[in-house]
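Participant: Quick one, what's the 3D model for this:
(one chain, ligands or ions: 2)
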Amino acid sequence: MIRKLRSRSPEETKAWGRRLAPLLFPGAVIGLEGELGAGKTCFVQGLAAGFGLDEREITSPTFTLVAEHYRGRMPLYHIDLYRLEGGEITELGLEEYFGGRGVSVIEWFRFLPPGTVSEYLLITFSFLGPEARELTLSARGVAYARVVEALGTEGSWQDE
Ligand SMILES: Nc1ncnc2c1ncn2[C@@H]1O[C@H](COP(=O)(O)OP(=O)(O)OP(=O)(O)O)[C@@H](O)[C@H]1O
Ligand SMILES: [Mg+2]
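Facilitator: Ligands and ions are numbered 1, 2, ... in the order given. Below you'll find the predicted structure:
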């Protein structure tokens, strides 16, 4: 199940995150891909707002690989693997977040060793212009295919 969404502003990217939030379930894993400044953290801010968190809690601090947010509807684990050197990853104990009570959202998902999670929703951000982005949602596993289905097509490329 693959679906392409478009965004024309940071606000629109956040709106997609807010819209995804209520569809997620405990133990859900969301992988984010895309180059620097593509909008991954921006999307997580929207997701956080959808969980009832203050989006300003979501930042990209230099040395934090995992930020845990517990004040929302479900725990939100914001993981950023960009600064991770190979090898360190096993020391993070990420498996404890996956399949737990909360939702894990992982920037630079490609740095996760293959096979760490078998089912997840991958969202790849690409640049279409200075403020335009394409979000490609790709579901691995039926639970995530349902999520993508439930997100609907309104506002996606399929409407064109
Ligand atoms: N449509 C858009 N969606 C998201 N961000 C946008 C959009 N248009 C412009 N921007 C800008 O692009 C930047 C996105 O930054 P953000 O931190 O979300 O990127 P990132 O993918 O997390 O990068 P990094 O890999 O460095 O963590 C912000 O400055 C934001 O204002
Ligand atoms: Mg980021």
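Participant: dump the residue contacts of whatever residue of the chain ends up closest to ligand 2.
Facilitator: With C-beta to the ion, the shortest gap between the chain and ligand 2 falls at residue 41, namely 3.3 Å. Yep, even glycine has a C-beta here, placed from its N, CA and C like the rest. Residue 41 is in contact with 58, 59, 60, 80, 107, counting by C-beta atoms under 8 Å, 6 or more residues apart in numbering.
Participant: okay, the particular helix or strand that has it in it in CSV with CA atoms only?
Facilitator: Residue 41 belongs to helix 40-50 when elements are defined using DSSP states H and E. C-alpha atoms of helix 40-50 as CSV (Å, rounded to 0.1, in the frame of the first residue of the first chain):
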residue,chain,number,x,y,z
LYS,A,40,10.6,15.2,9.1
THR,A,41,10.7,17.0,12.4
CYS,A,42,8.0,19.4,11.2
PHE,A,43,5.8,16.4,10.6
VAL,A,44,6.6,15.0,14.1
GLN,A,45,5.4,18.3,15.6
GLY,A,46,2.1,17.9,13.9
LEU,A,47,1.9,14.3,15.1
ALA,A,48,2.7,15.5,18.7
ALA,A,49,-0.1,18.1,18.5
GLY,A,50,-2.4,15.3,17.4
